[in-house]
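Visitor: quick one, what's the 3D model for this:
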Amino acid sequence: MGNPGATLSAYRDKQSQARSILEAAKHGPLQSLTDRELDVREQPVTIYPRPAAVRAWVRFGPKRCASTRK
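Guide: The predicted structure follows:
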């Protein structure tokens, strides 16, 4: 059957992440990271041919948020 506590915990984590992103969005518009922050010399930006789960950093005004997207 699975662990209902783990499912609820994952749900609450996702809700908390969404709230923190919405809160950060109040501080300014979404901004791209700089080439230095992206470390494009060492980690070139690529386009993966199919969707995959990723961890991405985004900035709203002066704040940064980690976001995981599936």
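Visitor: in the protein, where's the longest helix?
Guide: Counting by DSSP state H, the longest helix found in the chain is helix 4-25.
Visitor: what mean pLDDT does that helix have?
Guide: The average pLDDT within helix 4-25 is 84.
Visitor: other residues contacting the very next helix or strand once past that helix?
Guide: Downstream of helix 4-25, the next assigned helix or strand under DSSP states H and E is strand 30-31. The contact list for strand 30-31 (CB atoms under 8 Å, 6 or more residues apart in numbering) reads V58, R59, F60, G61. C-beta here means a position set from N, CA and C on the backbone, and glycine is covered the same way.
Visitor: per-residue pLDDT, the closest residue to the last one other than its chain neighbours?
Guide: If I follow you right, that is G61. Computed as CB to CB, 6 or more residues apart in numbering, the closest residue to G61 that is not its neighbour in sequence is G28, at 2.2 Å. pLDDT recorded at G28 is 77.
Visitor: next, count neighbours for G28.
Guide: 12 (other CB atoms under 10 Å).
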